[in-house]
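Chemist: test case, fold it:
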Amino acid sequence: MADAAAGDESAFRELYRAHVRAVYWIAHGLLASPTDAEDVTQETFVTAWRKLPGFDLQGESLLPWLATICRFQAANRLRQRRRDRAHTTDAADDTIPSTISVEGQVISAALAERITAEVGTLSDLDREIFRLCAAAGYSYQAAAEELGVSHAIVRNRLSRVRTRLRGAVKEASDV
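Modeler: Alright, predicted model coming up:
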């Protein structure tokens, strides 16, 4: 990450390869459109490339930060869709997406079920740490203050949760 933050394109390419699938599936889950998900994934990494030099991850995973960027990009895309629909005469015909494949829906649903099931097995504290940091975008310190635990507890537990979820996602994608 330090090399990528310093402007090393090959290091950033490695980060991209490591996280592009997860970012795509987050975008796809939010947008339900493969085309929009691809666009938002690219926008996420362009934004990350621009902001990475000023961002201090302290050796932590890049994925929660990328997920947050992705959620903002997806929200922008959804707002744009609403504006576009409001200004077109055939907005009623746009309500049913025609490009979603059945296979894509099954894969997306299976992956979401696997992640949800895995999150459901976490302890209450781990689940809340995951919700605050990965879903709500809290920093480790903010989550620690919210939960009344130390920064180290949040960092260590979230690291274990991420490892566990990555394993679950890998298992689901291997099936």
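Chemist: CA only for contacts and neighbour counts going forward, please
Modeler: OK.
Chemist: domain map for the chain?
Modeler: Listed domain ranges for the chain are 1-100, 101-175 (source: automatic domain parsing).
Chemist: and these as JSON lines, adding mean pLDDT?
Modeler: Converted to JSON lines, these look like this (pLDDT from 0 to 100):
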{"stretch": "domain 1-100", "mean pLDDT": "82"}
{"stretch": "domain 101-175", "mean pLDDT": "79"}
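Chemist: possible to save these as a markdown table with mean neighbour count?
Modeler: Conversion of the domains of the chain to a markdown table gives the following (neighbours: other CA atoms under 10 Å):
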| stretch | mean neighbour count |
| --- | --- |
| domain 1-100 | 16 |
| domain 101-175 | 15 |
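Chemist: for this structure, which segments count as helices?
Modeler: 2-5, 9-31, 34-51, 63-86, 102-120, 124-130, 140-147, 151-174 (DSSP state H).
Chemist: which neighbouring elements make contact with the second one?
Modeler: The contact analysis (3 or more CA pairs under 8 Å, 6 or more residues apart in numbering; DSSP states H and E) places helix 9-31 against helix 2-5, helix 34-51, helix 63-86, helix 102-120.
Chemist: closest to the centroid, which residue in the protein?
Modeler: Centroid check for the chain by CA atoms, centre = their mean gives residue 67 as the closest residue, at 2.8 Å.
Chemist: wait, that one sits on residue 26?
Modeler: Yes. Here residue 67 reaches residue 26: they are 7.1 Å apart, a contact under CA atoms under 8 Å.
Chemist: can you pull the residues that touch both of those two?
Modeler: Both residue 67 and residue 26 lack any common contact, where contact means CA atoms under 8 Å, 6 or more residues apart in numbering.
Chemist: residue 3 against residue 15, yeah?
Modeler: No. Assessed by CA under 8 Å, residue 3 is found out of contact with residue 15, at 10.4 Å.
Chemist: got a list of what residue 69 touches?
Modeler: Going by CA under 8 Å, 6+ apart, residue 69 touches 44, 47-48.
Chemist: could you save those as CSV and add columns showing distance to residue 155?
Modeler: Formatted as CSV, the contacts of residue 69 follow (distance: CA to CA, whole Å):
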residue, distance to residue 155
44, 24
47, 24
48, 21
